[in-house]
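Visitor: Build me a structure from this.
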Amino acid sequence: MSNTSRLLPENIRLLLADNYRLAALKQSGMIGRQKLVAFEGIGKKAAEIFQAPVAQITFLEKDEQWISMSLGFDIQCAPTATSFCAHTIADTHKPMVILDALLDENFRENPFVRHPPYVRFYAGTVIRYNEQNIGTLCIYDFNPRLAITSQQATMLLQLARDAEGVIAELELDRAR
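Guide: Next up is the predicted model:
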């Protein structure tokens, strides 16, 4: 096991390696796909709702997180070992919110917190396909927050469902 993979709790490492989840991810066709305009619209709405400088849609393999859409931060992939989103896919029912990553025991030593881009606030929720958590819609900021509103949380969940709808439409196109 690599040193960076020890950053993730065992339950998350097991979830990332789950064969059913990985099969659904592959079937979704999201890994290696060109950027989607529909995802950009979803990301822009999320950034606007949270007044955040960064929004992303990501898809997680076992060891790599692929960023399918990123506004405000130019990155295409990152190891899951340092990924906030790897933690996010463990919870389907509500967004994961980190108000101040420097104060959070799971993230205060994370290289994205300690080094550029110096992430302080994160909010993300899962994107599902075939009943599996395959990715996330997330936003982050370089300043901590005091709270998010219930309306923001609801809108983040809805935008993730919109992203799932985009994936379903692409699947229909492939079937034709």
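
Visitor: what's near enough to touch Ile67?
Guide: 56-58, 75-78 (C-beta atoms under 8 Å, 6 or more residues apart in numbering). For glycine as for every other residue, the C-beta is placed from the backbone atoms N, C-alpha and C.

Visitor: what does Leu99 give?
Guide: Here Leu99 is in contact with 121, 144-147 (C-beta under 8 Å, 6+ apart).

Visitor: Drop anything exposed from the residues you listed.
Guide: Buried by 16 or more other C-beta atoms under 10 Å: 121, 145, out of these.

Visitor: Show only the entries of the contacts of Leu99 found in strands.
Guide: Phe121 (DSSP state E).

Visitor: List just the nearest of the contacts of Leu99 to Leu172.
Guide: Phe121 (36.1 Å; C-beta to C-beta).

Visitor: Report pLDDT for that closest one.
Guide: As predicted, Phe121 sits at a pLDDT of 98.

Visitor: From Ala153, how far off is it?
Guide: 14 Å (C-beta to C-beta, to the nearest Å).

Visitor: now do Glu164
Guide: 17 Å.

Visitor: which residue sits closest to the spatially most central residue of the chain, ignoring its sequence neighbours?
Guide: By C-alpha atoms, centre = their mean, the chain has its centre lying nearest to Thr136, at 3.0 Å. Nearest residue to Thr136, sequence neighbours excluded (C-beta to C-beta, 6 or more residues apart in numbering): Cys85, at 4.2 Å.

Visitor: dump the residue contacts of that neighbour.
Guide: Cys85 touches 56, 58, 60, 65, 124, 135-136, 138, counting by C-beta under 8 Å, 6+ apart.

Visitor: Grab the longest helix from the chain for me.
Guide: Longest helix of the chain, by residue count under DSSP state H: helix 150-175.

Visitor: buried set for it?
Guide: 152-153, 155-157, 159-160, 162-164, 166-167, 170.

Visitor: Need those residues in CSV (columns: pLDDT and distance to Ala101).
Guide: Shown next, in CSV, are these (pLDDT from 0 to 100; distance: C-beta to C-beta, whole Å):
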residue, pLDDT, distance to Ala101
Gln152, 97, 18
Ala153, 97, 18
Met155, 97, 22
Leu156, 97, 18
Leu157, 97, 21
Leu159, 98, 22
Ala160, 97, 21
Asp162, 97, 26
Ala163, 96, 24
Glu164, 96, 27
Val166, 94, 29
Ile167, 94, 29
Leu170, 87, 33
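
Visitor: closest to Ile31 among those?
Guide: Ile167 (12.0 Å).
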